[in-house]
Every structure is written in structure tokens, then in C-alpha cells.
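Engineer: Compute the structure for the input listed below.
(2 chains)
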There are 2 protein chains.
Amino acid sequence: MTLDAVLAHIDAELPKATDRLLDLLRIPSISTDPAYKADCDRAADWLVEELNGLGFDASKRPTTGHPMVVAHNEGTGPHILFYGHYDVQPVDPLELWDTPPFEPALEDTDKGVVIRGRGSSDDKGQLMTFVEACRAWKAVTGSLPIKVSIFFEGEEESGSPSLVPFMQQNADELTADIALICDTGLFESAVPAITTQLRGMVTEDFTIKGASRDLHSGMYGGLAGNPIHVLSDIIAKLHDETGHITLEGFYDDVPELTDEMRSQWQNLSFDHASYLGDVGLSVPAGEQDRTPLEMIWSRPTCEVNGIWGGYIGDGFKTVLPAQASAKISFRLVGQQDPDKIHNAFVKHVKDNLPSDFTVEFTPSR
Amino acid sequence: MTLDAVLAHIDAELPKATDRLLDLLRIPSISTDPAYKADCDRAADWLVEELNGLGFDASKRPTTGHPMVVAHNEGTGPHILFYGHYDVQPVDPLELWDTPPFEPALEDTDKGVVIRGRGSSDDKGQLMTFVEACRAWKAVTGSLPIKVSIFFEGEEESGSPSLVPFMQQNADELTADIALICDTGLFESAVPAITTQLRGMVTEDFTIKGASRDLHSGMYGGLAGNPIHVLSDIIAKLHDETGHITLEGFYDDVPELTDEMRSQWQNLSFDHASYLGDVGLSVPAGEQDRTPLEMIWSRPTCEVNGIWGGYIGDGFKTVLPAQASAKISFRLVGQQDPDKIHNAFVKHVKDNLPSDFTVEFTPSR
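Structural biologist: Predicted coordinates for the structure are as follows:
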């Protein structure tokens, strides 16, 4: 069988494939830090050269940020698009690294040999599995069995600002029958996962404003409204007692798990007690009628990620602040529409604003 | 009549009395800033010298902070104690001052001649009215009509840490039939007030703790409890829909206004619309069954003065923070016991803590 031959070839060539990955890992392509702009560019060049060497028609494509890498390999049958990213997160604080982040090395562990190095598991390791799969198939059979396109970006770790505009401008070229995303993880270190769904996100940065200036609680306390109280009340009312999110229509476009998927998940040995125990918790805190695995894999969420207002230094200042702020994010699933969720949140805030108070929403990026 | 003669003497001597006050105002006795320690000491010395010059037995009394000034004038009849403070608030930001804060000057305004200078209305101006009253009475009659003690501290603007210990250590000396506090204000610029009640205060700095470390909302969102949500819920539940504070027994020791006082207050031309309008508000936000003047003069309050938790910088970080904090203060009236209110608040927080969460109370000073 062809597949067996390809897999055998991959095994035989593993040391060379590993060396290639280590080469890519040595490039410090930190997208968020302008100091590494040339390195991001170099990572894109490295990938273009690699893909052209495999017979792809690969090119580096400029954006207002870091370049895209787009490569095509003609073929018959369905057209498949691979997505991944070549950029990595910053490495601070450096003192917490046991080995230099951009000097990747193989290391023996209890769980087998692993590669230590920034980007090995997010996302250079994953994207190279696609590249090496194409290489092996071509080596064994001389060609790929379908039409393959590859699309790597260099801004995933800094918000992907160029991604959607680039896709819109190149929609014809990037349209495929199926898209595979390789920016995912294992279920456990020795249990690979086929990820069939990811959660989307909406973020909001908002400020509740009351009086025109900070007030003294001795002069105004009990009479003037306090924006921290208003903000707390708005946040408290986002969830009901059973852990459900109260925004109007929030669950309208959330699909139920299919029986098939539910049964697959039940067969996974997910130990929520140890998952929570690792971080000092014991009780699932979300929707009370959902299993812990559903909560993190298939259910939408609403979490306040930051809050601030009034005097937050040492000691005390009996201020009634003029404003108070929070950052909130929603993780979305199924057919939930980010704009609809945003609007429902805006309505929730406005419906709970007392007289004299206003709200400002600030784009978070 | 003696009183008329004394008042006439005060009027006649007003320029000299004003000069003395200006002398005291020139001393930058900022108690909270160690750079002004010698100036606080100098203000105390100035007062001791002034009071000894009037025939008081006055002395500067050391504390672990700034010194107290204690002065006695023997006499018959009831023993009266005057309290005031010679320290002032910091003056930053300096650019908002039209004149140098420690170069006091008389200024003609729409409302008459006023003294501009730090401390003129808090509390050097007020405490000198006591001193000048004693001076005038002695000048006209040769002696004071009752036994008078004077007690000035230098730490009122930085929390009065030495006040209670000093009073306890010198209880016999400071016990009087009546104590008059001069650290109060006017009702309006041309309407003096006899302040018959002040609100006390309890402050709490508290932190809600959940997981043992910050979590990623993509990994734990919807499953792990969020301390910001817990904190918001605790704050939201401190007041009910009618603006009442929900702590157990909170109003037990709060007296109702007497009919006499209510009638006096109703005769005051307090314009809450303009009081709130000055700071951009229009609707009284406190207890819905109380008048605005009651709210700020005779009712206890519960206000969150600061809140913080999670990521509060630019942009976004989808963190579920390990903890979230707030500073809260209660203004107390009547016979409300600070310890009892503190305990009721602690109970409120603990009653509303979900599983896995803990709370830490930090003394705010």
C-alpha cells in the first residue's frame, strides 16, 4: 500500500526531518517585537525555499506586517489548503528557561524524546508535519495525489492583523475544498488528537463613567452613584445562578453535541479532577448542566479578563471614582456571530446603566 | 455684656489675628511626606509658643510620628477640650495652584475677602479661631471663664496613627466635660455651621483568590472560577435594589433623625440638584427612602473606593486571573460599632465565596 510505504519513508528519514525542523526553530521569529522583523522575514524565506525545493510554486507575499508564505502544488482531485504560522511568542522571562529558547535540542524525558525550543509545539513543529508529509509522498510516488496549497502566516502570535485582509484580497487563490489547520495540540503527550472544532473570540474593553470628576466619599458617599458598583453589578448579572450567560440570544446559534461526538468524548480518559487539581481547584465552576469537557471544548464562555477603577495604590483614599473599566472576552462556538454577541453585550450594559451613567467601548486592538 | 466686648475686641484686632494665621500658614507642615518632618515640628513649636504666650501651660509632646501640642488653662466650671490639627495635605499637582500654596495671601472675590493658602480651611484657619477666642476673652476680662484644654495633632492628614495611643496613654489629662472639634466646614461660604455629628469610618482591603496561578481562558474559560466574577458578585450584593446596604445588622445602631433636627435641616436651603449638578450628576443614587441631605449627613454608607484584577494594560490578554482585589470603606453614624460592621462584612464575603475560593483581608494602613 502507498500509505505504508510513505510512513516507512518518513520513519527512515526522521533524523533529516528533525534536522530541518531544528533549523527552522533556530530562527527567532518573534512577531510582536519589531526587533525581530528581519528574523520573521528569514523564517518566511526559509519556508519558501523549502517548498520550492519540493516542487511547490512557493512565494513570499508582502503585507503591511510580516509576510505570508503561499505555495501551490497542482494536482487532480479535491483541493486542500494547509494553514499554519511561522511566528512565535516572546521568550521572557528568560531566566525561567532551562536551555536557550532558540538553541533547540532533543531531550530524553519520562515520556520519551522531546524537542525543547521556542515554537516546537506552536506552531513550527506542527506546520513541518504537513511539509514532511508532502515531501515523503512525493519521494515515494513522484507526485501528490491531490491539489495542495499551503498558507503560512507570520502574525498569529500578535493578533493576525493582516490575515483577513490578505484572504479577502486573494480569495480566489486561497479558496479550497477543505482547509486543514495545524495550530492545535495533542490530547495527552502520547495521544494525538484530530481537532474538529475551535472556539472563536470577541473581546470588549469598556468603561463606565459617572460624575465628571473623582469625588470624596465623605462629601458624596451614599448620594452620588459609584461606577465601581455599577460595573460590578453589570458583571455579576452576566451569569445566572446555574452558570449560564444571560445575554439575549447568546445560545441561539450554539449547537448541541451530536450523539456520536458525545460518545467519542466519553471514551476519552479526561480526568477533570486532575485537570483542575493541577491549578489548585476542585469544583467545575461553569454551566452546571454540562460536563467539564463540554465546558472547555464545545461551550461558549464569557470571562472578565481585567478590571480596574478608583484608588489601587498602597493605603487608602476614600474616592468615589469618576469611572471604572473592565476587559471582557467571549469564546464562541458553532454559528455564533461575533457582531450579534457584541450587540447583545452592548445592550446588556446599557440596560443595566443607572441614570447619570454612560459607557464607552474601546476597541481592544 | 462681656461677649459683646470680646467680639468688639476681636474685630478691632482682626488684622493682627490674620497676620498670626498667615505666619502659621507659611509653615509647610505636610505630615505624610517625611521631607517635611522638620516643618511639622516647627508648626508644633509655633503653636506651643503662641499658647504659652497666652498664659496656657503648653508643651510639645513626642509621639512615634509628629508631635502633639497639649495646653491647659486652669479655671473653674466645666472643663472644655478643643481639638484641631496643624498638619496639611500635600500640594501636588503644583501647576493647578494660581499662587504658591505656602505663600498665603488675602484675595478679593465675589464672596468677599478670602485667604488663599494650603491649610487655611483645613485646619489651621479653624484651630486659630479657638486660639484667638481665648486671646480676646483673656484680653478683655483677664481670664477664661472655664477650664480650657487644647489638643492639636500633626497627623490628621496621614491617618492619625498616634492619636488613639496618645489619648489612651494620657486619658486622665485629656478627659473633659465637653470636646469641641474644629476640623469642620461652613454650610455655604457666608453661612457658618455648628456641626453636631460626624461620620466615622471602617476601611477594608480584600483579595479574592481562586486558582493557584493565572490561567488561559482558552484552556480553562467556562470551567475554572473567575475571581473577578466572584468579587463583582460580592460587591453587587452589598446593596439591594432600593440602595440599602445588605450586611446583617448594618442598620441596628443607626438612629433616626429627631423631628427637631429634621425640621432644622428642612429649613436649610440645600439644593441637591445643584450639589450634584456641579459634578455632572442629576439623580440621588443612594437609599431611595432618604433625602439627599440625610444621605450625606446622617446615613451610613458602603463604597468601593478601588478595584483591580487581571490584565489592565493596553490590548488584550485572555487571562483568568488567580486573584482580584478591592478597597472598601464604610462611613458610620450613631452607635454603629466598627468591629461589628467589620465582622458583618467579613461574613458577607465568606457567605458569597464559591467552593475553591478564599479571601484575604489586608489592614489598609
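
Engineer: Would you map the strands across the stretch 151-300 of chain A?
Structural biologist: A:178-181, A:200-209, A:215-216 (DSSP state E, counting those that start in this stretch).

Engineer: Which neighbouring elements make contact with the shortest one?
Structural biologist: Going back to what we said before, that points to strand A:215-216. On a contact count with 3 or more CB pairs under 8 Å, 6 or more residues apart in numbering or on different chains; DSSP states H and E, strand A:215-216 meets strand A:319-320. For the C-beta atoms, the positions are set from N, CA and C on the backbone; glycine is no exception.

Engineer: For the strand it packs on, name the packing helices and strands.
Structural biologist: strand A:215-216, helix A:217-220, strand B:301-310.

Engineer: deepest of these, which one?
Structural biologist: Stretch with highest mean neighbour count among the helices and strands packed on strand A:319-320: strand B:301-310 (a mean of 25; mean count of other CB atoms under 10 Å in any protein chain shown).

Engineer: Just the angle for that one relative to strand A:301-310, thanks.
Structural biologist: Interaxial angle, strand B:301-310 versus strand A:301-310 (axes from the mean of the first three to the mean of the last three CA atoms, to 10 degrees): 120 degrees.

Engineer: picking that back up, will you turn the strands of the stretch 151-300 of chain A into CSV that also has mean pLDDT and distance to A:Asp23?
Structural biologist: Listed next are those as CSV, based on pLDDT from 0 to 100; distance: least, CB to CB, whole Å:
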stretch, mean pLDDT, distance to A:Asp23
strand A:178-181, 96, 24
strand A:200-209, 94, 33
strand A:215-216, 92, 62
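
Engineer: if we compare those, which one ends up closest to B:Leu268?
Structural biologist: strand A:215-216 (20.2 Å; CB to CB).

Engineer: So what touches that closest one?
Structural biologist: If you take CB atoms under 8 Å, 6 or more residues apart in numbering or on different chains as the criterion, strand A:215-216 is touched by A:224, A:318-320, A:322, B:279.

Engineer: Parallel or antiparallel, which strands does that strand pair with?
Structural biologist: Strand A:215-216 pairs in its sheet with strand A:319-320 (antiparallel), by DSSP bridges.

Engineer: Give me the average confidence score over the partner strand.
Structural biologist: If you average the pLDDT over strand A:319-320, you get 92.

Engineer: Just the CA atoms of whichever helix or strand comes after it, as PDB, please.
Structural biologist: For strand A:319-320, the following helix or strand on the C-terminal side (DSSP states H and E) is strand A:323-332. In PDB, the C-alpha atoms belonging to strand A:323-332 read as follows (Å, rounded to 0.1, in the frame of the first residue of the first chain):
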ATOM      1  CA  GLN A 323     -15.000  55.900  36.100                       C
ATOM      2  CA  ALA A 324     -14.300  52.200  36.200                       C
ATOM      3  CA  SER A 325     -13.200  49.800  33.500                       C
ATOM      4  CA  ALA A 326     -13.000  46.100  32.500                       C
ATOM      5  CA  LYS A 327     -11.900  43.900  29.700                       C
ATOM      6  CA  ILE A 328     -14.200  41.000  28.700                       C
ATOM      7  CA  SER A 329     -13.900  38.200  26.200                       C
ATOM      8  CA  PHE A 330     -16.300  35.800  24.800                       C
ATOM      9  CA  ARG A 331     -15.300  32.500  23.300                       C
ATOM     10  CA  LEU A 332     -17.700  31.500  20.600                       C
END
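
Engineer: Could you list the contact residues of the stretch 101-250 of chain A toward chain B?
Structural biologist: A:199, A:201, A:203, A:205, A:210-213, A:215, A:217-226, A:228-229, A:231-233, A:235-239 (CB under 8 Å from any CB of the partner chain).

Engineer: Identify the residues contacting the helix or strand of chain A with the lowest mean pLDDT?
Structural biologist: Using mean pLDDT, DSSP states H and E, the weakest-scoring helix or strand in chain A turns out to be helix A:217-220, at a mean of 89. Identification of contacts with helix A:217-220 by CB under 8 Å, 6+ apart yields A:211, A:318-320, B:199, B:279, B:296, B:301, B:303, B:305, B:329, B:331.

Engineer: Make JSON lines out of those and add distance to A:Gln168.
Structural biologist: Shown next, in JSON lines, are these (distance: CB to CB, whole Å):
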{"residue": "A:Ala211", "distance to A:Gln168": "44"}
{"residue": "A:Thr318", "distance to A:Gln168": "53"}
{"residue": "A:Val319", "distance to A:Gln168": "47"}
{"residue": "A:Leu320", "distance to A:Gln168": "47"}
{"residue": "B:Arg199", "distance to A:Gln168": "61"}
{"residue": "B:Val279", "distance to A:Gln168": "48"}
{"residue": "B:Ile296", "distance to A:Gln168": "57"}
{"residue": "B:Thr301", "distance to A:Gln168": "54"}
{"residue": "B:Glu303", "distance to A:Gln168": "50"}
{"residue": "B:Asn305", "distance to A:Gln168": "48"}
{"residue": "B:Ser329", "distance to A:Gln168": "53"}
{"residue": "B:Arg331", "distance to A:Gln168": "58"}
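
Engineer: can you give me the helices in the stretch 101-250 of chain A?
Structural biologist: A:124-141, A:163-169, A:171-174, A:217-220, A:227-236 (DSSP state H, counting those that start in this stretch).

Engineer: Would you mind giving those as JSON lines with distance to B:Leu81 added?
Structural biologist: Below are the helices of the stretch 101-250 of chain A laid out as JSON lines (distance: least, CB to CB, whole Å):
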{"stretch": "helix A:124-141", "distance to B:Leu81": "77"}
{"stretch": "helix A:163-169", "distance to B:Leu81": "74"}
{"stretch": "helix A:171-174", "distance to B:Leu81": "84"}
{"stretch": "helix A:217-220", "distance to B:Leu81": "23"}
{"stretch": "helix A:227-236", "distance to B:Leu81": "39"}
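
Engineer: looking at these, which is buried most?
Structural biologist: Of the helices of the stretch 101-250 of chain A, helix A:227-236 is the most buried (mean count of other CB under 10 Å), at a mean of 25.

Engineer: Residues touching that one, excluding its own?
Structural biologist: Contacts of helix A:227-236 (CB under 8 Å, 6+ apart): A:208-210, A:304, A:307, A:309-310, A:321-326, A:328, A:348-349, A:352-354, A:357, B:228-229, B:231-233, B:235-239, B:303-307, B:326.

Engineer: And A:Gly306, what's its pLDDT?
Structural biologist: pLDDT for A:Gly306: 96.
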